[in-house]
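Visitor: Sequence and computational prediction follow.
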Amino acid sequence: MSKLDYCFSNDYMVLRPDRAGPFELLHLLLSPKVGRNRAVEGFTSTEVGSFRRRLAIFLNLVLQLFLLSLAGPVAALGAALEFVLNFVSNVLHGRMEYPDRKSASYRSITGFIDQRVDLDRNIKPTDRQYHAALCVMASKVAYENEAFIRDVVTGHWQMEFVQFYNCWNEFENEYTAQAFVFCDKPVDAELVVVAFRGTPPLDVARWCADLDPSWYKIPRLGRAHAAYTHALGAQRNIGWPKWVEHIKGKPQKVYAYYTIRDAVKQLMEANGKARLLVTGHGSGGALAVLFATVLAYHKEKTVLDRLAGVYTFGQPQVGDAMLAMFAERNLDRPKKRHFRITYGDDPLPRLPHESSAYHFLHFGLGIHFDSFYNLKVTRALSRFTVRSPPALCRVQKKLFFFLINACFCKQFLLLNISQAA
């Protein structure tokens, strides 16, 4: 039987680094009976006979434990760095005021790395690359606070801001999913856009969520990444029911999928010609494609028929072959509507790391740019393989080159993305 009487799946594997001690880690290496290991939640009868698979689980737990040990210092460093950057920015703009995290002038670290907020004026709404250009900016702005996002949408883009959502994760008892919704016009809108926030650069808990290979097998859908399933609003006991009540007595605690789906349906009803775009960067991209996939799972035909596209940027893998086939059957027919855009040697789209223990793979139309911005349409990405010291040096050089390009050459990538999709 399951070690979790509240688990909604009859086939799952969830890693628990909070329960991983020396005995549990040693047990992983020596015994195939992982179902009896406190650090691996699943059915008690679960066995993993392959040592390679158990080693992959062992290494993942060790890495998560190491990262979580740094969570406090990294969070303090991030808060201090963000404060200093905003304070200096205020001074340079003639505002001698204490940085307010909720103000429209407050930027995240991501916002300081790339400070552009305006849309490309050379790309018109009638151009075929307009959807991609709008989505890449929306996925970037999603890292900011509600006031900043509202100011950008209404002031810079001259569009209609609908709402910002800070959504509850029932499994972690935290707010782990953020998104905002906007329309291109206040009346007779032609576009409704949902943009999910990705992983903040110095949020160790979210790093671990991206690394974590845990999964649930959902009937008719396949294996889905556990962390993104949790964040999107799955329910402990029943998984993905079509309808769910919001948390009684706590109206501020809402579930991402259900709340945003209902908002989108209302906007679609009020704007008969509106089409839907869903987007996100990094883990935000994972939430975006999983959101669209669950819409199909619930047979929300009225919404899916008006889905213009799902544009993800640097999206990690979210499911297995069965989920991939389900998503492609519903999102990419009769025409391609899921565009998965990746750049260079970005490590995030390669997570969770390839292993027979994990079952994950990419799907959708892959648009990959190398470090020199050459475009290639692909399904799979090359993997980082480290089997010798020279190989490790090559990986480090690739990552260094990726970071330099990501920080200083984004305008070229944005232009190419807009033209490609």
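Guide: Perfect, I can see it now. Numbering: from 1, shown residues only.

Visitor: Residue 181 in helix, strand or coil?
Guide: strand (DSSP: H, G, I helix; E, B strand; the rest coil).

Visitor: Please name the residues that touch it.
Guide: Shown in contact with residue 181 (Cβ atoms under 8 Å, 6 or more residues apart in numbering): 162-163, 165, 192-195, 260, 263-264, 267. C-beta: built from backbone N, CA, C; applies to glycine.

Visitor: Of those, just the buried ones, PyMOL syntax please.
Guide: Buried residues within these, by 16 or more other Cβ atoms under 10 Å, are selected in PyMOL with:
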select buried, resi 162+165+192+193+194+195+260+263+264+267
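
Visitor: Could you single out the nearest of the contacts of residue 181 to residue 42?
Guide: Lowest distance from residue 42 to the contacts of residue 181 (Cβ to Cβ) belongs to residue 260, with 30.2 Å.

Visitor: Quick one, grab the pLDDT at that closest one.
Guide: On pLDDT, residue 260 comes in at 97.

Visitor: go on, the one 5 residues further on?
Guide: Among the per-residue scores, residue 265 holds a pLDDT of 97.

Visitor: Wait, it touches residue 301, no?
Guide: No. The criterion here is Cβ atoms under 8 Å, and residue 265 misses it with residue 301 at 11.5 Å.

Visitor: Neighbour count for those two, which is higher?
Guide: residue 265 (16 against 11; other Cβ atoms under 10 Å).

Visitor: Find the nearest non-adjacent residue to that one, please.
Guide: residue 303 (6.3 Å; Cβ to Cβ, 6 or more residues apart in numbering).

Visitor: which ones are touching the one you found?
Guide: Per Cβ under 8 Å, 6+ apart, neighbours of residue 303: 261, 264-265, 268, 276, 295.

Visitor: quick one: which two of the residues you listed are the most distant?
Guide: 268 and 295 (11.8 Å).

Visitor: Show me which of those two is the more surrounded one.
Guide: Comparing residue 268 with residue 295 by other Cβ under 10 Å, the one with more neighbours is residue 295, at 22 against 19.

Visitor: wait, is that one part of a helix?
Guide: Yes. The assignment for residue 295 is a helix, going by three-state DSSP.

Visitor: now the contacts of residue 181 as a markdown table including distance to residue 156 and secondary structure?
Guide: What follows is the contacts of residue 181, written out as a markdown table (distance: Cβ to Cβ, whole Å; DSSP: H, G, I helix; E, B strand; the rest coil):
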| residue | distance to residue 156 | secondary structure |
| --- | --- | --- |
| 162 | 16 | strand |
| 163 | 18 | strand |
| 165 | 21 | strand |
| 192 | 19 | strand |
| 193 | 14 | strand |
| 194 | 19 | strand |
| 195 | 15 | strand |
| 260 | 23 | helix |
| 263 | 22 | helix |
| 264 | 23 | helix |
| 267 | 21 | helix |
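
Visitor: Give the rounded mean pLDDT of stretch 207-226.
Guide: 93.

Visitor: Same check on stretch 115-124?
Guide: So the average pLDDT for stretch 115-124 ends up being 92.

Visitor: residues of that stretch that come out buried?
Guide: 117, 119-120, 123.

Visitor: Endpoint to endpoint, it covers what distance?
Guide: 22 Å (Cα to Cα, to the nearest Å).

Visitor: what's the longest helix seen in the chain in contact with?
Guide: Using DSSP state H to define each element, the chain has its longest helix at helix 71-92. Under the contact criterion Cβ under 8 Å, 6+ apart, helix 71-92 has outside partners 96-99, 105-109, 112, 200-205.

Visitor: And for stretch 121-128?
Guide: 129-130, 133, 184, 190, 418.

Visitor: Mind telling me what element residue 269 is part of?
Guide: helix 256-270 (DSSP states H and E).

Visitor: so the helix or strand following that helix versus helix 256-270, what angle?
Guide: Of the helices and strands lying after helix 256-270 in sequence (DSSP H and E), the nearest is strand 275-281. Per axes from the mean of the first three to the mean of the last three Cα atoms, to 10 degrees, the angle that strand 275-281 makes with helix 256-270 is 150 degrees.

Visitor: For strand 275-281, name the packing helices and strands.
Guide: helix 130-141, strand 191-196, helix 283-297, strand 307-313 (3 or more Cβ pairs under 8 Å, 6 or more residues apart in numbering; DSSP states H and E).

Visitor: Pull up the pairing partners for the last one, direction included.
Guide: The one in question is strand 307-313. Partner strands and pairing direction for strand 307-313 (DSSP bridges) are strand 275-281 (parallel), strand 338-343 (parallel).
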